[in-house]
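# A predicted structure for the sequence below; I have some questions about it.
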Amino acid sequence: MELWFTERHTPNVKFSIKVDRQLYTGQSEFQRIDVFDSKEFGRFLTLDGYMMLTEKDEFIYHEMITHIPMAVHPNPKNILVIGAGDGGVVRELTRYSTVESIDLVEIDELVVEVSKKYLPTTACRLDDERVHIFYEDGVKFIRRCENKYDVIIVDSTDPFGPGEGLFTKEFYGSCNKALREDGIMVNQHESPFYDEDAAAMQRSHKRIVESFPISRVYQAHIPTYPSGHWLFGFASKKYHPVHDLNATKWNMLGLKTKYYNTKLHTGAFSLPNYVEEMLRDVE
Ligand code: AG3
């Protein structure tokens, strides 16, 4: 018997991974949570049937969403992470000894529990004493924050279901207010490739451009997400993602990364023409 996980990437395209074993399935108040094991990608986590991470390629996503803002901000001490209950972003953040506090706001406590149990390679630093976990809707949490954070990382699901609010104008406005005057926000920005994802990515970019003085988009290839071509948003009040990168300083930290490096940092902001055009259309 063959067992396969399939995510529909468009009405006409499916992506499948052969499954060895299903390790967990459960329904929380918010979503269906599954963990599978596979030969090709190791363990992987899906929410409502959408791929969140696999052990094989999560390093690309987590390093790119974390180290880009951390290398640009000259002194990031107070960090807010929204979503990210799998612990991947926190794992990368805790590697910086200069970070003083990490507030993790995850709407679904069960995602954290399941990740701790079945995904020890990502959920391995959630017990760090600098980490404070709040089980709450990020949209509501951030309304109460003002001038508090140096970096905000929005590690959301797609813009429907529990993560929908994390793509709204109101939310980006709250992020701006929650950041200090030189703060940076980075978010998971969908893909430019398939029509529906591209439309979501344009909507999101438009709202961020309206909410921040500096807003650029960068890319990475993530094999298990739709089309494999994925974008992140970099929004900031003061720092430019490329001109304000202090590569020497970051390299002096001596962090060993598998994907991110400071040359790739600069390159990641150079986008294909069709993507630049889509962004320009909404700027
Ligand atoms: N965040 C979800 C990225 C979107 C994936 N979309 C999809 N498969 N349709 C990933 C969380 C990792 N910490």
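Perfect, thanks for sending it. Numbers count the residues shown, from 1 in each chain.
# show me what the longest helix belonging to the chain is packed against.
In the chain, with assignment by DSSP state H, the single longest helix is helix 195-211. With contacts taken as 3 or more CB pairs under 8 Å, 6 or more residues apart in numbering; DSSP states H and E, helix 195-211 sits against helix 169-178, strand 179-188, strand 214-221, strand 229-236, helix 273-282. C-beta coordinates here come from the backbone N, C-alpha and C atoms, glycine included.
# mind doing that once more with 7 Å?
Counting contacts by 3 or more CB pairs under 7 Å, 6 or more residues apart in numbering; DSSP states H and E, helix 195-211 packs against helix 169-178, strand 214-221, strand 229-236, helix 273-282.
# closest to the ligand out of the ones you listed?
strand 229-236 (7.7 Å; CB to the nearest ligand atom).
# does the closest one reach the ligand?
No: contact of strand 229-236 with the ligand (CB under 6 Å from any ligand atom) is absent, the minimum separation being 7.7 Å.
# what's the angle from the longest helix of the chain to strand 229-236?
Counting by axes from the mean of the first three to the mean of the last three CA atoms, to 10 degrees, helix 195-211 lies at 10 degrees to strand 229-236.
# same list, the helices and strands packed on helix 195-211, but as JSON lines with mean neighbour count and mean pLDDT please.
JSON lines is the format used below for those (neighbours: other CB atoms under 10 Å; pLDDT from 0 to 100):
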{"stretch": "helix 169-178", "mean neighbour count": "19", "mean pLDDT": "96"}
{"stretch": "strand 214-221", "mean neighbour count": "20", "mean pLDDT": "98"}
{"stretch": "strand 229-236", "mean neighbour count": "24", "mean pLDDT": "98"}
{"stretch": "helix 273-282", "mean neighbour count": "13", "mean pLDDT": "97"}
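# near the ligand, which residues of the stretch 101-250 of the chain?
Checking the stretch 101-250 of the chain against the ligand by CB under 6 Å from any ligand atom, the hits are 155, 157, 158, 188, 225, 226.
# can you give me the distance of the third one to residue 7?
Going back to what we said before, that points to residue 158. 11 Å (CB to CB, to the nearest Å).
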